[in-house]
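[1] mind looking at a prediction? Sequence and model below.
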Amino acid sequence: MSVIFGETLTFGQKNGPDVSLKVFGDEHYARYETLSGYTAIYDDDAGMFCYARLAAGVFRSTGVAVSNPPPAGLARHLKESTVASQAKSDARKARRSAIANSPVNENVVRTFGPNQGLLEGRVLSKGPVRGLTILVNFQDVTSTATRADVEDMLNGANYTRNGNISSVREYFQTVSSGKLDYTNVVVGPFTLSRNRQFYVNTLLVEEALQLAVASGLNLKQFDSQNQNIIDAVNILYAGQTQYLGELWPHNYSINLQFGAMRTDLYLLTSLGRTAADLSIGTFCHENGHLLCRFPDMYDYGERDGDSVRSAGIGMYCLMGAGNHLDFGRSPSPVCAYLRDLAGWCDNEIDLNAAGAHEAKHSDFNTVMKFRTTKPNEYFLVENRSKMGLDRAGVSSGLAVYHCDIFGSNEQQQGTATQHYQCALLQADGHRHLETNVNQGDGTDLYGAVAGVALSSESAPNSREWDGRDSGLLLSDITAAGPSITFATGQAVPAQNDSGEVTPNMTIPDNRSTGISSSIAITSSGTVSRVRVSVDIEHPYIGDLRVTLTSPSGRRAVLHAQLGGSTDNIAVTYDSASPGVLTTMVGQPMKGEWLLNVSDRAARDIGKLKRWKIELTSAHVGVSLPAAAGAGISGIY
Ligand SMILES: [Zn+2]
């Protein structure tokens with residue numbers, strides 16, 4: 001299924017020239033606006049798009065064609081009532097189901113993936129699969145794109161025509177790491193019996209298949225599983241995409257019998273007017289449904305018990321809005337979540353193991369996974385820098401997804417019971433995808449971050465949907481590029497420890513060994529900040545040398561016989577400002593910290609009255625215990 005967010009598209013009219021309108025909606029319910037913001041509907045009596053008015057919450061035609069000025073007093077951006085739009089959406093779904101007459105139609109159009117996160121039905125995401133693609137012309141609309149043009153776009157090697165990044169076959173070979181080899185046999189063009197407008201209200205699939213079969217096509221070649229089922233039927237109609245009625249690009253099931261063979265799932269979309277219109281995005285998205293049973297990763301607005309529209313995964317997956325990138329010529333990759341479900345990743349990097357990790361761009365064969373104690377809920381990390389299949393991406397850097405195969409991208413609430421199936425944790429904390437502000441922006445992915453980037457306390461956070469701390473902590477992320485490194489570790493809250501002693505020890509005159517005083521620290525952790533205060537009484541501090549030694553033996557010289565005849569040292573040294581204590585950052589906290597004071601010249605004497613050390617720990621990269629559910633393949 002395909003959803004449109006205010007794109008300007010061209011529509012044919014029975015009694016008028018093509019018109020440009022903005023479209024909002026999906027195959028079940030859509031709204032159209034003129035470029036100046038007036039709502040338009042197709043007026044069947046006039047055979048043209050006319051300005052709409054509202055009558056009791058329902059659109060009615062004003063009878064004024066949109067090529068004329070709007071009627072006086074008409075308001076812009078009219079919307080039907082929820083009751084009216086829901087009724088129309090339900091009616092369309094019911095009509096589809098009646099046509100489909102298929103046992104799997106209950107679940108074919110849901111975002112929620114009832115089959116381990118995938119849609120129900122046959123999964124054909126591995127091995128050689130041969131699809132059937134039928135080209136059709138209308139009586140009144142034809143395309144100059146040829147069968148050879150389409151064969152090239154679907155099956156070609158090193159295909160880059162029209163700025164497409166690859167052919168459809170190459171796209172799936174890339175994202176599946178060679179596991180899915182999807183080719184198409186292209187037939188036609190066949191000419192349908194009626195004008196295009198007729199097929200807004202009458203599904204053309206059966207007529208197109210009958211024309212193909214009548215041409216002598218052997219359907220058995222499309223049955224990769226030897227089940228007498230045609231694996232994938234793709235029907236491309238002449239002319240521009242009509243985001244209207246039964247011509248809205250969609251996939252569904254249809255049960256038609258041709259001898260021993262029957263149909264199952266089909267795709268209907270446009271071929272374009274000329275070969276210059278050919279782009280792979282929508283074809284790849286719809287075949288993601290047909291072959292791999294991927295659910296949609298965007299939010300239909302009205303489904304799975306939720307009526308608030310959000311952006312779901314936005315542009316960050318082929319199965320979200322990513323098929324539209326660069327006008328469909330450079331679709332997003334299939335995100336790591338769906339690649340993993342498709343069984344396309346041979347390598348799994350365990351992010352529950354603390355340490356440094358490397359995320360390579362275009363390494364589609366690898367999934368980086370952090371498991372929670374729930375087998376269905378986990379986090380994935382992926383390099384989505386702007387290159388390769390991400391060349392048209394809106395953001396660049398490291399992506400972190402919060403996944404739950406029982407979730408639905410219809411549900412943007414982010415609560416324990418209502419949450420996405422695959423949520424991008426937007427690094428900027430703005431949650432623009434959940435609030436439907438956009439389909440992605442430049443600050444959604446993680447760029448370079450020194451220190452902690454994601455934890456249970458950050459925004460966004462790494463807590464599980466029920467609020468529990470998952471233990472995932474990401475830190476020290478390097479900048480976008482072919483290779484991004486980052487660290488994982490258990491989130492240990494920063495802790496403070498300190499000690500103070502009052503030795504009142506006399507400093508022996510002119511003796512380099514001096515005196516030492518120690519403070520024992522019991523907290524473990526790594527020093528992120530240290531402050532040392534000393535109080536030394538001495539009439540000539542130019543004689544004195546003061547050093548601090550950490551439990552691991554690292555030494556910092558705090559005072560090095562400077563200051564001449566000045567009296568006393570009563571100073572606080574702080575690693576927060578670069579200086580003598582900088583080398584102590586990163587040292588283990590626990591153990592004996594030693595202060596040594598020596599008098600390196602004769603005559604003046606003094607004493608170490610008091611000193612104090614204050615330590616703050618950073619998080620530590622402690623190995624996480626294996627999650628209880630890890631590795632269990634059970635009921636989920
Ligand atoms: Zn879809």
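    Done, it's in. Numbering: from 1, shown residues only.
[2] show me the shaky parts of the stretch 1-150 of the chain.
    1-2, 95-113 (pLDDT under 70).
[3] how about the strands in it?
    3-13, 16-26, 30-33, 39-43, 48-55, 58-65, 127-137 (DSSP state E, counting those that start in this stretch).
[4] and G407, which of these is closest to it?
    strand 3-13 (18.6 Å; C-beta to C-beta). For glycine as for every other residue, the C-beta is placed from the backbone atoms N, C-alpha and C.
[5] secondary structure element for K612?
    Under the criterion of DSSP states H and E, K612 resides in strand 606-618.
[6] that strand packs against which elements?
    The contact analysis (3 or more C-beta pairs under 8 Å, 6 or more residues apart in numbering; DSSP states H and E) places strand 606-618 against strand 496-501, strand 505-507, strand 511-521, strand 526-537, strand 591-599.
[7] list the buried residues in that strand.
    606-608, 610-618 (16 or more other C-beta atoms under 10 Å).
[8] so, low pLDDT: which residues of the chain?
    Using pLDDT under 70, the chain drops low at 1-2, 95-113, 302-305, 490-494, 618-636.
[9] show me the helices in it, by range?
    82-100, 147-155, 168-175, 198-201, 205-214, 281-292, 336-341 (DSSP state H).
[10] right, and the ion sits closest to which residue of the stretch 401-550 of the chain?
    Across the stretch 401-550 of the chain, the shortest distance to the ion (C-beta to the ion) belongs to N409, at 11.0 Å.
[11] identify the spatial nearest neighbour of D567, chain neighbours not counted.
    P539 (5.6 Å; C-beta to C-beta, 6 or more residues apart in numbering).
[12] if we can go back for a sec, which of the helices of the chain sits closest to the ion?
    That would be helix 281-292 among those, by C-beta to the ion, at 5.5 Å.
[13] okay, the angle between the closest one and strand 127-137?
    130 degrees (axes from the mean of the first three to the mean of the last three C-alpha atoms, to 10 degrees).
[14] distance from the chain centre to helix 281-292, please.
    18 Å (C-alpha atoms, centre = their mean, to the nearest Å).
[15] swap in stretch 197-217?
    37 Å.
[16] export it as CSV, just CAs?
    Below are the C-alpha coordinates for stretch 197-217, written out as CSV (Å, rounded to 0.1, in the frame of the first residue of the first chain):
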residue,chain,number,x,y,z
GLN,A,197,-12.0,6.8,-15.9
PHE,A,198,-14.0,3.6,-15.9
TYR,A,199,-11.3,1.8,-13.9
VAL,A,200,-11.5,4.3,-11.1
ASN,A,201,-14.5,2.3,-9.9
THR,A,202,-13.8,-1.1,-11.5
LEU,A,203,-10.7,-3.1,-10.6
LEU,A,204,-8.9,-3.9,-13.8
VAL,A,205,-6.9,-6.9,-12.5
GLU,A,206,-9.1,-9.7,-13.8
GLU,A,207,-9.4,-8.2,-17.3
ALA,A,208,-5.6,-7.7,-17.5
LEU,A,209,-5.0,-11.3,-16.4
GLN,A,210,-7.5,-12.6,-18.9
LEU,A,211,-5.7,-10.7,-21.7
ALA,A,212,-2.4,-12.1,-20.6
VAL,A,213,-3.6,-15.7,-20.5
ALA,A,214,-5.4,-15.3,-23.8
SER,A,215,-2.1,-14.4,-25.4
GLY,A,216,-0.9,-17.9,-24.6
LEU,A,217,1.2,-17.2,-21.5
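[17] show the contacting residues for the residue of the stretch 401-550 of the chain closest to the ion.
    Residues counted as contacts of N409 (C-beta atoms under 8 Å, 6 or more residues apart in numbering) are 111, 295-299, 312-313, 320, 420-422.
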